[in-house]
Structures are given as C-alpha cells and as structure tokens.
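Engineer: please find the sequence and the predicted model below.
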Amino acid sequence: MLDIRFIRENTEAVKAAMANRNADVDIDAVLALDGRRREIVAEAEVLKAERNKTSKSIGQMIKEGKDPEAIKTQVREMGDRISAFDEEQREVEAKLREALLYVPNMPSDTTPVGKDENDNPVIRSWGEKKIFDFEPQMHWDLGAELGLFDLERGAKIAGSGFPLFTGKGAKLERALIQFMLDLHTEEHGYTEISPPFMCNETAMTGTGQLPKFAEDMYAVPLDGLYPIPTAEVPVTNMYGNEILDKELPILHTAYTPCFRREAGSAGKDTRGLLRVHQFDKVEMVKFTTPETSAEEHEKLTLDAEKVLQLLGLHYRVIELCTGDLGFSAAKCYDIELWAPAQDKWLEVSSCSNFNDYQARRANIRYRNEDGKTAFVHTINGSGVALPRLVIAIMENNQNADGSIDLPEALRPCMGGLQKLD
RNA sequence: GGAAAGGUGGCUGAGUGGCUGAAGGCGAUGGAUUGCUAAUCCGUUGUACGACUACCGUUGUACCGGGGGUUCGAAUCCCCCCCUUUCCGCCA
C-alpha cells in the first residue's frame, strides 16, 4: 500500500496518478480518516501519559501507608475516557487500512501515460515471424493428434480450463520447468524455492491479491486457504514481517502450479491452452534496495527473455501504460510470444517493479546504510508461464506432416528427443 | 485427531502485579590497549507512531505469539485463538 504520509504530503500527485490509472478511489475519504485518527491519538496519548503518572503515584502512596481510594476513582474515570478513544481509534484505523488496501500503487515516473492496452509502447523485439509453406495448424489440433494433451478428460474430472497432459506432452511440461529453473539458478544467480501451493489470507493480502481481487481466487474456506494464483504470493510473503539481514538483492526462482478463476474473462480466448484455470509457471522474485530496483527490474526482464531466446522463439517486449498497469505495480513489461496459427501475440511473462508497495503491505524491511530500517523493493516476473510457451513451441516448430521439432536447448531435458511425432 | 510442554529483544536466556523496554550471556558496533592473525577493558546496541528540535537529539504513547478481559496499574493473573516441540493415533 501507499504510505499514508506520502498521500498526505503529495495529495495532488496521488490524485493525478489515480486518474492516469483510471482508478476509482476516494483519496479525500482516506485523508479524512487519517486526520481523525491523528486527532484521536493525540488526545488519547495525553490522557494515557497522565494515567501512567498517576497510577505510579498510587504505588508510592500504598508504600507510604496513605489511602489511595480517591485517586483510584479518578484514574478509573480517566481509564473510561481512554477506552472510548481506544475503541474509536480501532474503528478508524480498521477503516483506514481497508481503504488503503484498495488504493493501487503509484505508477513510476518512467511509466508511459496512456488510456488502455492500445497505448502500450513496444520496447523491443527479438527474432522474426516464421514463414510457412503450408497452412500452420492450431495447437489444439496438433496436441490432440500427437497425444500431448487430452482436454476433454481434463474437463471431465475438473472442468474446462483444467488441462490434462499426456505422454510426451506431460514430459514436455516437466522438461520446460527443469530447463527454466536450471537456467535461472545456474546462469542468472537465483536461488530455487519450492513453496507451499496454498497461502493464507495475510499472504494473499501482502502481495495485493486480496482484498480487491477475491473473486479471481480459488478458496478453501474451511481452512482459510487460497490455492496460489502465482508463486509471487508465497515467495514474496516468505519474508513478511521480517527485517532482512541478508545481503540485497535476494533472487529467488520457483516453479509452482497457478490457480486462477479467471472471473470476468469467460468466453475469451478459451480454446486449447490459451486461457486456463490451472497452469505451470516458473517465477522469478527479487528483493532489492530502492537504489537498485530499477536496474534489477531490467535485468529480471532480460532473464525472462533469455528463456525465449534459447528456445528460438520470436517475441516482443511491451511496456504497460498507466491505464493498463496492474494494481500493485509501479512499472511493468509484458513479454509476448508470436503464435503463427493464432496469428497473434500471446503474453507469457509480466515483469513488474512494485517499489515498496508490496513490502509495505507485507512488512518486509532491511537496514539501509545508516542502519535505519526501510522497506525493500520487490520485483517479480514470470520466467515464464508454460501454456502459451507450449503453444508457441508447437505452432512455430510444426512441420507439414504434423510433427513438431523440439528446440535444441530443450532436448537434453527431453532425454535427447528431437521431435514430437 | 488426542496428550504434554513451550512461544520474551539479532540469538540465547532471566523475569508470577508497580523499582522492567525488559537482568546475564552471545553476537554486532565504536573506542582504548597489546607486536602478532587473538585476548583484555570501556561505551553503544529493539520497533512503530506522534510532538518538539539549534536536525546531535529530546520527549510522549504503544509493543514480551495474536485477540479480548480483570486491575488505579500486566511480560507477569483469567479467557479464546494461532504457532512450535515431544509422545500417541492416522496417513503419502
């Protein structure tokens, strides 16, 4: 969340930023709650100081054998007034926190201002569109013919959007996960984490999924748990309520399945593996100082790109404008793969810098050069998500006979296999 | 799921109603000293929010797993919850 002091001291800038985001938040209401809270605290603290002092004098009186009853009554009355203040303070603070949890992050100064996804600039691209001398097939047809997945049976046991991979398709998932984890741990300096696949409400709030996006999350109410929508949740919150004494930056990578209800996107891009409720993903998460976060964000994006380069896949990097930026992000690059049969770009990675927004929610701090505690900056990005990566491999590497060439870099993880046929 | 014991500062570990924001030890850090890769001595060493400030600091409040209660006053007493460890049960 945003620092309430920052909102207080930069009210106009915050309002302008919210407008750029098309975010409907009432900053004045937040400030009113903050103002009331500060009034209450100031008054209550004077009373409390008085009570503490008087209370101590009672102990003294008892030692001296004097009768403290009159003063006791007096302090009891003070206590009643304090209780009233405390109660109102609790109410106001709960409201204030709730309101703050719904205020999105400030976009970074370098984030382009724009209305929606049409205003997202293309930053760079790599490779080029492949030319086919035959009509490329859709991945769902290829997958069915080659026996890589069985979406009907996945739907039978869980519902549509729960893909079931079979044979070489299942192995391809496993190989891609291993390939990416090995790359990030061995070449890019990340430490691998294998976290819980469910998180509690506190963790889900820390990274910004709750409270606002509850309807996008699966939930296990009986146990107060949520199947994670991304490894970002457990891997970021693992340091919640800590003052990190490790050297920054901390670099983590993790494979997890991801569970998303995809509420509100019903009927959109639903064929095949385009948009599913459960998918595999390798995620990268960084904890940095404010000084290095911008640079580390760029590097993390390059780390994700490296995966695609090694697999020989044509991609582009776009930057999300203020109107399209995610709730918690200050700056974000999306990486999109070219899918020739779809004839469109598919998002496989979203690399975001959150500055101290998540750290403030999750209370993750470090000691700066002056020895003072300060909030870390968090950065994360997919490195990368599997389903659309699989789509791109299948559609780009298909042959006229319906077989699919495996990228060379992947073959060692596939037991030397060269093609799927 | 049942039983027991615990959760105190960076760590360890005292503390059963006021003199405790918290002894002692370790670690860290500043200094002194010593001709040797170390010892000794002295000092400093929690977090958050607010007020004041000559911005070196001063001061108030809160915090001893979380929440609630008793009391003039709670780390300390009571209740609920969470977590950890051990034993039993169940189980991949």
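Structural biologist: Cool, got the structure.
Engineer: in chain A, what helix or strand scores lowest on average pLDDT?
Structural biologist: Least confident helix or strand of chain A, by mean pLDDT, DSSP states H and E, is strand A:242-244 with a mean of 81.
Engineer: in that strand, what counts as buried?
Structural biologist: Of all the residues in strand A:242-244, those buried under the rule 16 or more other C-beta atoms under 10 Å are A:Leu244. Any C-beta I mention is one placed from the backbone N, CA and C, and that applies to glycine too.
Engineer: which residues are contacting that strand?
Structural biologist: Outside of strand A:242-244, the residues within contact range by C-beta atoms under 8 Å, 6 or more residues apart in numbering are A:250, A:287, A:363-367, A:373, A:376.
Engineer: select only the buried ones of those residues in ChimeraX?
Structural biologist: For the buried members of these, the matching ChimeraX selection, counting by 16+ other C-beta under 10 Å, is:
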select /A:250,287,364,365,366,376
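Engineer: among the contacts of strand A:242-244, name the ones in strands.
Structural biologist: Counted as lying in strands by DSSP state E, out of the contacts of strand A:242-244, are A:250, A:287, A:364-367, A:373.
Engineer: turn those into JSON lines, columns for pLDDT and distance to A:Asn120.
Structural biologist: Rendered in JSON lines, the data for those read as follows (pLDDT from 0 to 100; distance: C-beta to C-beta, whole Å):
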{"residue": "A:Ile250", "pLDDT": "91", "distance to A:Asn120": "30"}
{"residue": "A:Phe287", "pLDDT": "93", "distance to A:Asn120": "27"}
{"residue": "A:Ile364", "pLDDT": "88", "distance to A:Asn120": "29"}
{"residue": "A:Arg365", "pLDDT": "85", "distance to A:Asn120": "33"}
{"residue": "A:Tyr366", "pLDDT": "84", "distance to A:Asn120": "32"}
{"residue": "A:Arg367", "pLDDT": "79", "distance to A:Asn120": "37"}
{"residue": "A:Thr373", "pLDDT": "82", "distance to A:Asn120": "36"}
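Engineer: so which of those also contact RNA strand B?
Structural biologist: Subset of the ones in strands among the contacts of strand A:242-244 in contact with RNA strand B: A:365, A:373, counting by C-beta under 7 Å from any atom of the strand.
Engineer: between the ones in strands among the contacts of strand A:242-244, which is nearest A:Glu408?
Structural biologist: A:Ile250 (32.6 Å; C-beta to C-beta).
Engineer: next one: that closest one from A:Val285, what distance?
Structural biologist: To A:Val285, A:Ile250 is 8 Å away according to C-beta to C-beta, to the nearest Å.
Engineer: max pairwise distance over the ones in strands among the contacts of strand A:242-244: which two?
Structural biologist: Every pair in these was compared (C-beta to C-beta); the two farthest apart turn out to be A:Ile250 and A:Thr373, at 16.2 Å.
Engineer: tell me the residues of chain A that contact RNA strand B?
Structural biologist: When proximity is defined by C-beta under 7 Å from any atom of the strand, chain A lies next to RNA strand B at A:5, A:38, A:41-42, A:44-46, A:48-49, A:51-56, A:58-59, A:62, A:68, A:72, A:75-76, A:79, A:90, A:243, A:245, A:365, A:372-373.
Engineer: of the residues you listed, buried ones?
Structural biologist: Neighbour-count burial within the residues of chain A next to RNA strand B applies to A:44, A:48, A:51, A:58, A:68, A:75, A:365; the criterion is 16+ other C-beta under 10 Å.
Engineer: the residue nearest to the first one when sequence neighbours are not counted: which element?
Structural biologist: Here the nearest residue to A:Ala44 in space, its sequence neighbours aside, is A:Phe85; by C-beta to C-beta, 6 or more residues apart in numbering that works out to 3.8 Å. Here A:Phe85 is covered by helix A:69-101, with elements defined by DSSP states H and E.
Engineer: my guess is A:Glu50 meets A:Glu77, correct?
Structural biologist: No. Between A:Glu50 and A:Glu77 there is no contact under C-beta atoms under 8 Å: 11.3 Å.
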